[in-house]
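S.K.: Got a sequence here, can you build the structure:
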Amino acid sequence: MGIAHIALLCLVAAAIPCGLFLWNVLLYRPARDSGGASSETPERPGVSILIPARNEEENIRQALECALAGEGVDLEVLVLDDESEDRTAEIVAEIARGDSRLSLHAGESLPPGWCGKQFACHSLARKATKPLLLFIDADVRLSRDAARRLAAEMQTGRDLISGVPRQITETWSEKLLIPLIHFLLLGYLPLWAMRRSQSKGFGAGCGQLFMARRDAYFQAGGHEAIKSTLHDGLRLPKTFREAGYITDLVDATDIASCRLYHNAREVWNGLMKNATEGLGAPAVIVPMTLLLLGGQVLPFVLLALSPVLNLSLSAGSVAILVVAVTCGYLPRVIAAWRYRQSPVSVIFHPLAVAVLELIQWTALVRDLFSGKSSWKGRSYPAAIKASS
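M.R.: Numbering: from 1, shown residues only. Here you go, the predicted structure:
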């Protein structure tokens, strides 16, 4: 295969996600704003905000202050202290003494076969009393109108909605890798097909933020149906779809924010945690690697290193590779503006994709040979072995 043919393949691998991203960005819209109760709709929607918390003393106070500031809904906030070894429970109890809408619940010992977060969410859902369940992580900060706007979206016939909060990044590793969330979601998932089809293959979400109808949640099996997974962002929407319910995505940039990790070690371990249940799954890792490296990394490498590699690129090949690089960068530029992302990840886009692929393959090798993954001080069977 000549260099011209390789350049054409690179262009195809870059153009497909670029085109899909440009289409999806028009469909991935912010949650609507109903404006709250009116004379026509005097009742405020009932929302239970459910927060699993394990060793979250640095996050939980601000998470609760934001959640309790919610407007336009009949609100309750439930926190499950999942055997924390720090001041998490003490902080929640202190706030609860001043606000009857907040309740603290002690987590039970983790049953065999359960992931800690899924068991905590399952336990909270059973204690909730409102018809809408809003699951958030302890590092998510909701805006005052978040619950109201998400509830308004649920009135359009959805049973489960999710969205990616604005990702707060401060260290270099966070800025490099975390913004890839939007690129992967909007570059490789056709939203128009997701909304037309009930296929579980189109199920997707962000584990940081979910809202579900309480009745649909329990009828679909909820977190109990995915009790062993570490990747509820993918698995929960698929579970709803398998049960015949409608799932969707909204742009949560302006209604929630989250600082997911705080340093390079946390970024690496966090992305490793559920890699083999997503892009790093054995069935998809090879084609996704070829697509990502071929479309997002190789065109840049060929152009930048052609003098060093002694490649004789024709003018046509150079033009094709330049278009491929442009297709790779265009979604990142738009995402940085639209979703308030750091320019670092845009500038170093090929490096970010290469590092992500390294994480995916490292996770696969780890799961194949060690058979275990760990998170929040707990060890779990590797996803690819637990599902075999």
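S.K.: isn't there a strand covering Ile255?
M.R.: Yes. Secondary structure assignment (DSSP: H, G, I helix; E, B strand; the rest coil) places Ile255 inside a strand.
S.K.: and the residue nearest to it when sequence neighbours are not counted, how far is that from Asp99?
M.R.: What sits nearest to Ile255 in space, not counting adjacent residues and going by Cβ to Cβ, 6 or more residues apart in numbering, is Ala146, at 4.0 Å. (Each C-beta comes from the backbone N, C-alpha and C, glycine too.) Distance, Ala146 to Asp99, using Cβ to Cβ, to the nearest Å: 18 Å.
S.K.: Same question for Pro165.
M.R.: Between Pro165 and Asp99 the computed distance is 23 Å (Cβ to Cβ).
S.K.: try Met272
M.R.: Taking Cβ to Cβ as the measure, Met272 falls 38 Å from Asp99.
S.K.: For these two, indicate the residue with more neighbours.
M.R.: Each of Met272 and Asp99 has its neighbours counted (other Cβ atoms under 10 Å); Met272 has more, 20 against 12.
S.K.: Am I right that that one is in contact with Asp367?
M.R.: No. Met272 lies out of contact with Asp367 (Cβ atoms under 8 Å); the separation is 9.4 Å.
S.K.: Contacts for the helix or strand Ala324 falls within, please.
M.R.: Taking DSSP states H and E as the criterion, Ala324 maps to helix 315-338. With contact meaning Cβ atoms under 8 Å, 6 or more residues apart in numbering, helix 315-338 is reached by 3-4, 7-8, 10-11, 13-15, 17-18, 21-22, 25, 179, 182-183, 186-187, 253, 295-296, 299-300, 302-303, 313, 341-343, 345-346, 349-350.
S.K.: hmm, which of these are the buried ones?
M.R.: Neighbour counting with 16 or more other Cβ atoms under 10 Å marks 3, 7-8, 10-11, 13-15, 17-18, 21, 25, 179, 182-183, 186-187, 253, 295-296, 299-300, 302-303, 313, 341-342, 345-346, 349-350 as buried within the contacts of helix 315-338.
S.K.: which stretches of the stretch 251-388 of the chain form strands?
M.R.: For the stretch 251-388 of the chain, applying DSSP state E, counting those that start in this stretch gives strands covering 252-258, 372-375, 378-381.
S.K.: Please apply the same query to the stretch 51-200 of the chain.
M.R.: 74-81, 102-106, 132-136, 140-142, 160-162, 165-167.
S.K.: Quick one: list the elements packing against the fourth one.
M.R.: To tie it back to what came earlier, the one meant is strand 140-142. Where contact means 3 or more Cβ pairs under 8 Å, 6 or more residues apart in numbering; DSSP states H and E, strand 140-142 is packed against helix 60-68, strand 252-258.
S.K.: most packed of these?
M.R.: For those, ranked by mean neighbour count under the definition mean count of other Cβ atoms under 10 Å, the leader is strand 252-258 at a mean of 22.
S.K.: which residues touch that one?
M.R.: Looking at what lies outside strand 252-258 - Cβ under 8 Å, 6+ apart - the contacts are 30-31, 136-137, 139-143, 145-146, 149-150, 162-168, 206, 208-209, 338-340.
S.K.: mind redoing it with 6 Å?
M.R.: Outside strand 252-258, the residues that touch it by Cβ atoms under 6 Å, 6 or more residues apart in numbering are 30-31, 139-143, 146, 149, 163-166, 168, 208-209, 339.
S.K.: what's the answer for stretch 153-172, then?
M.R.: Stretch 153-172 is touched from outside by 31-32, 140, 175, 178, 181, 205-206, 208-213, 216, 240, 245-253, 256-259, 263, 340, 342, with contacts defined as Cβ under 6 Å, 6+ apart.
S.K.: Produce a ChimeraX select command limited to the buried residues of these.
M.R.: ChimeraX command restricting the contacts of stretch 153-172 to the buried ones, with burial defined by 16+ other Cβ under 10 Å:
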select :31,140,175,178,181,205,206,208,209,210,211,212,213,216,240,245,246,247,248,249,250,251,252,253,256,257,258,259,342
